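Visitor: Here is a sequence with its predicted model. Questions after.
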Amino acid sequence: MDRLFDANFRQRVITAVIAAPIALVLIILSWQTTALLIGIMVALAAYEYIQLVRTQPSSLTINIMFGILYLGVPLIAAVWLRRYSPDGLLYFLLVLITNWTVDSAALIGGKLYGKRPFAPVISPKKTWEGVFTGIVTGVIGVIVIAVLLGLPVDAVIILFALIIPIATVYGDLLESKLKRRFGVKDSGNLFPGHGGVLDRIDSPIFTLPIAALVVALVG
């Protein structure tokens, strides 16, 4: 159990307990406050990203173009999902809570049972056991959270259950690959135990556009 309740884990829990309620209040309050929250987070993430790409001036143009897509598309998708889609608030909350559930379950599963590396070059601490725990918990979590939010378990929710937990893992993996490319451990240090803004929103960056696409095509 000492592996689980180390200093870093305690920092992550404290940060989450403080930051998550603030984010949820802004998201629930209105689509405008949601857009404000997203805008602030993307602006801070863009600043962190610029600091990273400046270390490779020879590839600056390509890196900036990638950054615009990496941060810009999720910004547009997130605002659309919250503002214009039916049940947009509930879908938005479902995706975020699923992200947090998968990340937390993967962390706990990896610390308690992790033995086999999942992607040792990109993310050395990630294990198959942790990833499996996170995805299975996420699949079940999507259904449970949807029911608690009053959403019907329809085609959209089934697709969410099949896709969002896996996308959560790979969103984190993509950001880890970026950090390895630029030779840093964390994108920043704004959130104790979590690193920078990019470290904190790596999963929503990947999952919100997918969720918006599913809702647009199936919802």
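Guide: Here it is on my side, so go on.
Visitor: any low-confidence regions in this structure?
Guide: 1-12, 188-195 (pLDDT under 70).
Visitor: all strands of the chain, in order?
Guide: 117-119, 123-127 (DSSP state E).
Visitor: Show me what the longest one is packed up against.
Guide: Judged by 3 or more C-beta pairs under 8 Å, 6 or more residues apart in numbering; DSSP states H and E, strand 123-127 is in contact with helix 88-113, strand 117-119, helix 155-182. Where C-beta positions appear, they are placed from N, C-alpha and C, glycine not excepted.
Visitor: any chance of the strands of the chain in CSV, plus distance to L29 and mean neighbour count?
Guide: CSV is the format used below for the strands of the chain (distance: least, C-beta to C-beta, whole Å; neighbours: other C-beta atoms under 10 Å):
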stretch, distance to L29, mean neighbour count
strand 117-119, 37, 17
strand 123-127, 35, 18
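Visitor: what about these, which gets the closest to P21?
Guide: strand 123-127 (27.4 Å; C-beta to C-beta).
Visitor: neighbouring contacts of that closest one?
Guide: With contact meaning C-beta atoms under 8 Å, 6 or more residues apart in numbering, strand 123-127 is reached by 106, 109-110, 113-119, 172-173, 176.
Visitor: Which neighbours in the sheet does that strand have, and how are they oriented?
Guide: strand 117-119 (antiparallel) (DSSP bridges).
Visitor: from the chain's centre, how far out does the strand it pairs with sit?
Guide: The chain centroid and the centroid of strand 117-119 are separated by 19 Å under C-alpha atoms, centre = their mean, to the nearest Å.
Visitor: Torsion angles phi and psi at K185?
Guide: phi -80, psi -40 (degrees, to the nearest 10).
Visitor: Let me have the helices and strands packed on strand 123-127 in a markdown table, extended by distance to D202.
Guide: Formatted as a markdown table, these follow (distance: least, C-beta to C-beta, whole Å):
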| stretch | distance to D202 |
| --- | --- |
| helix 88-113 | 9 |
| strand 117-119 | 14 |
| helix 155-182 | 4 |
